[in-house]
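Pasted the sequence and its predicted model underneath.
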Amino acid sequence: MVKNNSKVSSNSPPASPEAEEEANYAKNLENGPLYENLKTIDCADHNSMKIQLVWDSICYSIDTKKGKQEILKGVSGSASPGEFVAIMGSSGAGKTTLLNIVAGRISSFHNSHVTGSVKANGANISSIKFDQFSTYITQEDILLPTLTIRECFEFSARMRLKGTNEEILEKVEKTIADLKLEKAADNVIGSVLNKGISGGERKRTCIGVEIITDPAVIILDEPTSGLDSFTAETLVDLLIEQINKGKTVIATIHQPSSNVFKKFSKLILLCEGYTVYQGPPADSRKYFSNLGYKCPRHVNPADFYMRLLHVVNRFEKTPEEEEKLNSLADAYKESEIKETPTSKYDLTELKNKGDNSLNFFKKVGLLWKRSMINAVRNPFLSRVRLAQFIIVSAIIDLVFHDLGNDFDSIQNTTGVLFFMTLGNIMLGNNPSALTFPAERPTFLKEHSEGLYSTFIYFIAKNLSELPMQFVVTMIYSLMVYFALDLNLTASRFFTFYAILTIAHMAGVGSGYIIGGLCETENVAALFGPIVPTSLIVFGGSFGNLKNMNVAFSWIQYISPFGWCFKSLVINQYEDFDFDCDSDEKCDPLDTLGFNDPLWKDIICLIALMIGFRIIAFVCLSMISRKKKH
Ligand SMILES: Nc1ncnc2c1ncn2[C@@H]1O[C@H](COP(=O)(O)OP(=O)(O)OP(=O)(O)O)[C@@H](O)[C@H]1O
């Protein structure tokens with residue numbers, strides 16, 4: 001219950017010993033590091049652009065099954081150059097939503113509606129390419145675990161900045177130094193399974209990857225979450241160094257320590273979509289004290305406010321909770337500290353910067369290089385792939401060696417060729433189904449930041465995986481072809497190798513489709529075998545295709561198993577010299593009904609290889625576009 005709902009001024013003089021104590025506390029806060037730092041700011045010394053962000057009357061609602069849910073209810077505020085604005089509030093208060101709207105990452109869509117305006121130096125952020133001037137650092141640390149800190153920065157710098165090699169490397173070193181990461185710069189990021197850099201270093205790396213371009217506005221979603229209080233304070237100090245350079249920093253923060261709390265330039269407290277306080281942290285104690293909520297002397301104000309704004313169940317508030325929150329929101333609306341968003345600075349006009357992006361080939365090259373580093377540092381997958389082909393080849397050699405060339409050999413030969421077809425395509429499909437889900441967070445993040453298009457990523461991904469595909473099918477061909485004594489001419493061997501390689505690549509393509517559609521590796525592992533397994537039925541070895549259900553007979557044309565098997569059989573028997581009495585009886589191609597010319601089957605296989613990739617690319621494009629909204 002708000003005891004004092006009268007207008008509250010942050011500047012009114014202390015009238016009682018209690019008020020004097022509050023004033024002293026506020027003074028102590030003012031003497032904290034932030035205010036010392038702020039005095040040293042000389043924005044004119046910095047050449048980089050200064051941006052003031054002003055958001056006015058932001059409302060955000062979503063349509064749910066139960067009706068319209070209002071998430072932000074007319075929130076206004078600003079963040080100026082040299083300011084660290086911290087947004088705090090209870091869980092579900094709308095902090096991340098506000099941050100996303102201010103960053104221009106949420107706009108009205110099918111079931112969500114945004115009203116109000118967000119302006120950067122007076123220009124509506126939707127009318128400029130705001131991400132050219134700002135960066136958004138998400139709560140999740142999305143970094144490739146196999147790269148080192150220096151490599152992460154270098155990739156980001158090369159992708160985003162233009163300049164000579166020396167300039168790029170200089171920028172990388174400067175960012176490492178700015179973020180005090182010198183000692184860990186050559187350590188790999190690591191993952192849950194392979195320990196790498198510490199949590200604080202990881203967070204600083206995420207920040208470094210983004211601020212390497214020197215953005216004027218740095219927006220962070222819960223940058224200190226999961227860090228101990230000392231590491232969190234160190235991180236906030238690094239961000240304060242950024243505001244000292246004239247940057248505008250806005251962050252949502254959970255449970256800051258009292259040391260961190262007093263370093264913010266401005267505190268915004270949100271509750272249930274309303275602003276309940278906006279102003280210097282040092283003035284907040286007095287403000288809430290005047291409303292009847294006195295924060296005890298030795299209690300961290302951040303904890304006190306979180307407890308004050310907490311509701312047990314957001315969707316079923318008690319009458320007391322409802323009354324408290326409404327009166328806090330009303331008190332802010334009527335108070336003198338309520339901010340009327342206006343531009344206070346001599347603002348530079350924001351014009352879109354020229355296109356700073358690299359050309360297509362350089363981007364493909366950088367992504368390809370990163371994928372190769374990733375593969376070399378994570379050899380497990382490559383080794384497993386090699387081992388799979390060696391084991392399957394060895395089993396084939398053991399079971400079917402030296403097939404011979406008499407009539408009785410036909411059944412064994414066609415059998416082994418079908419078995420090879422199966423192994424070859426399945427061993428392409430299944431691991432590939434896992435690759436996109438593993439890289440999905442990195443791809444979606446970098447794509448949404450405009451680092452590269454889906455097409456560039458897709459081309460680089462395909463190119464980086466090609467060498468392995470050529471190697472495994474060569475091992476397969478060499479280990480099996482001569483041991484089984486198949487049609488022994490050089491041209492037949494190389495055609496055999498080419499068929500296996502194209503079919504394997506078609507298998508990889510079908511894996512890409514599944515990988516593109518599945519969000520996680522677990523789901524992809526479950527669904528991975530489904531598509532190829534269904535296509536095996538139409539591979540031409542388990543039944544006469546002419547007698548199958550007409551409704552499904554078209555599937556034979558999209559089955560790489562069928563085309564691969566047919567090609568291998570034709571390649572084996574087209575000019576095979578049989579040890580046989582009767583010519584007619586000895587032509588297995590006639591018996592199997594494989595009368596097409598070989599080139600036709602190979603072209604169909606190539607068409608499937610390309611077609612599967614086009615479908616996979618469309619799936620990825622749809623997912624990346626959906627993610628952007
Ligand atoms: N697109 C959406 N669809 C459904 N609900 C949404 C959507 N966006 C936001 N919300 C809801 O709006 C409310 C505010 O979400 P938001 O993420 O902004 O909260 P928050 O203050 O950042 O919370 P936390 O501190 O727990 O992260 C939540 O109840 C959330 O479920």
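Ah, there it is.

Give me the distance between residue 426 and the ligand.
39 Å (C-beta to the nearest ligand atom, to the nearest Å). Yep, even glycine has a C-beta here, placed from its N, CA and C like the rest.

quick one: that residue and residue 528 touch, right?
No: using C-beta atoms under 8 Å, residue 426 is not in contact with residue 528, being 9.2 Å away.

what touches both of those two?
Common contacts of residue 426 and residue 528, defined by C-beta atoms under 8 Å, 6 or more residues apart in numbering, are absent altogether.

what does the domain assignment say about the chain?
By the assignment in automatic domain parsing, the chain contains the domains 17-133+215-334, 140-198, 360-628.

Dump those to CSV, plus distance to residue 207 and mean pLDDT.
Converted to CSV, these look like this (distance: least, C-beta to C-beta, whole Å; pLDDT from 0 to 100):
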stretch, distance to residue 207, mean pLDDT
domain 17-133+215-334, 7, 82
domain 140-198, 7, 91
domain 360-628, 14, 85
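
could you dump those domains to JSON lines with mean neighbour count and distance to residue 204?
Formatted as JSON lines, those follow (neighbours: other C-beta atoms under 10 Å; distance: least, C-beta to C-beta, whole Å):
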{"stretch": "domain 17-133+215-334", "mean neighbour count": "18", "distance to residue 204": "7"}
{"stretch": "domain 140-198", "mean neighbour count": "17", "distance to residue 204": "5"}
{"stretch": "domain 360-628", "mean neighbour count": "18", "distance to residue 204": "17"}
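
doesn't residue 373 fall inside a strand?
No: under DSSP: H, G, I helix; E, B strand; the rest coil, residue 373 falls outside any strand and is assigned helix.

Hmm, it is touching residue 150, no?
No: counting by C-beta under 8 Å, residue 373 does not reach residue 150; the two are 11.9 Å apart.

ok so, going back, distance to residue 206 added to the domains of the chain, as CSV?
What follows is the domains of the chain, written out as CSV (distance: least, C-beta to C-beta, whole Å):
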stretch, distance to residue 206
domain 17-133+215-334, 8
domain 140-198, 5
domain 360-628, 10
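
Up against the ligand, what does the protein have?
Neighbours of the ligand within the chain, by C-beta under 6 Å from any ligand atom: 62, 71, 89, 91, 92, 93, 94, 95, 96, 97, 112.

Mind doing that once more with 8 Å?
60, 62, 64, 69, 71, 89-100, 106, 111-112, 221-222, 252, 254, 270, 273, 314 (C-beta under 8 Å from any ligand atom).

can you give me the strands for the stretch 1-150 of the chain?
With strands called from DSSP state E, counting those that start in this stretch, the stretch 1-150 of the chain shows them at 53-64, 67-79, 84-89, 112-120, 123-124, 134-137.

packing partners for the first one?
Of the remaining helices and strands, those touching strand 53-64 by 3 or more C-beta pairs under 8 Å, 6 or more residues apart in numbering; DSSP states H and E are strand 67-79, helix 95-102, strand 112-120.

just the third one next, same as before
Secondary structure elements in contact with strand 84-89, counted by 3+ C-beta pairs under 8 Å, 6+ apart, are helix 95-102, helix 229-244, strand 248-252, strand 266-271, helix 301-309.

do the fifth one as well
Strand 123-124 sits against no helix or strand, with contacts defined as 3+ C-beta pairs under 8 Å, 6+ apart.

end-to-end on stretch 289-303?
15 Å (C-alpha to C-alpha, to the nearest Å).

what helix or strand is the residue lying closest to residue 384 once chain neighbours are set aside on?
In space, and not counting its chain neighbours, residue 384 is closest to residue 431: 7.5 Å by C-beta to C-beta, 6 or more residues apart in numbering. Secondary structure from DSSP states H and E places residue 431 in helix 409-448.

surely residue 500 meets residue 477?
Yes: taking contacts as C-beta under 8 Å, residue 500 lies within contact range of residue 477: 5.9 Å.

which residues in the stretch 201-350 of the chain form strands?
217-221, 248-252, 266-271, 274-279.

Can you lay out those as a markdown table showing distance to residue 128?
Converted to a markdown table, those look like this (distance: least, C-beta to C-beta, whole Å):
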| stretch | distance to residue 128 |
| --- | --- |
| strand 217-221 | 12 |
| strand 248-252 | 15 |
| strand 266-271 | 24 |
| strand 274-279 | 25 |
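
right, and those - which one's nearest residue 490?
With C-beta to C-beta, the closest approach to residue 490 among the strands of the stretch 201-350 of the chain belongs to strand 217-221: 61.0 Å.

Need the contact partners of that closest one.
By C-beta under 8 Å, 6+ apart, the list of residues contacting strand 217-221 from outside reads 51, 53, 79, 96, 99, 102-103, 120, 133-139, 207, 210-211, 239, 242, 247-252.

Within the sheet, what are the partner strands of it, with directions?
Sheet pairing of strand 217-221 (DSSP bridges) gives strand 134-137 (parallel), strand 248-252 (parallel).

Mind putting the strands of the stretch 1-150 of the chain into a markdown table with distance to residue 196?
Converted to a markdown table, the strands of the stretch 1-150 of the chain look like this (distance: least, C-beta to C-beta, whole Å):
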| stretch | distance to residue 196 |
| --- | --- |
| strand 53-64 | 35 |
| strand 67-79 | 33 |
| strand 84-89 | 29 |
| strand 112-120 | 36 |
| strand 123-124 | 41 |
| strand 134-137 | 19 |
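
Return the list of helices and strands in contact with the helix holding residue 431.
helix 379-399, helix 454-481, helix 490-517, helix 521-527, helix 530-536, helix 560-573, helix 588-592, helix 598-628.

could the ones you listed be laid out in JSON lines, adding distance to residue 165?
JSON lines is the format used below for those (distance: least, C-beta to C-beta, whole Å):
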{"stretch": "helix 379-399", "distance to residue 165": "29"}
{"stretch": "helix 454-481", "distance to residue 165": "21"}
{"stretch": "helix 490-517", "distance to residue 165": "34"}
{"stretch": "helix 521-527", "distance to residue 165": "36"}
{"stretch": "helix 530-536", "distance to residue 165": "45"}
{"stretch": "helix 560-573", "distance to residue 165": "44"}
{"stretch": "helix 588-592", "distance to residue 165": "59"}
{"stretch": "helix 598-628", "distance to residue 165": "30"}
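
Compare the ones you listed and give me the one nearest residue 128.
helix 598-628 (17.6 Å).

Tell me what angle that closest one forms with helix 560-573.
160 degrees (axes from the mean of the first three to the mean of the last three C-alpha atoms, to 10 degrees).

distance between helix 598-628 and the chain's centre?
Taking C-alpha atoms, centre = their mean, to the nearest Å, one finds the center of helix 598-628 at 23 Å from the center of the full chain.

Leaving out sequence neighbours, find the closest residue to residue 485.
Nearest in space to residue 485, with sequence neighbours left out and distances taken as C-beta to C-beta, 6+ apart, is residue 402 at 5.0 Å.

show me the contacts for that neighbour.
483, 484, 485.

So the last one sits against residue 397, correct?
If I follow you right, that is residue 485. No: using C-beta under 8 Å as the test, residue 485 is too far from residue 397 to be in contact (11.1 Å).

and residue 595, that one's in a strand?
No: read with three-state DSSP, residue 595 is coil and lies in no strand.
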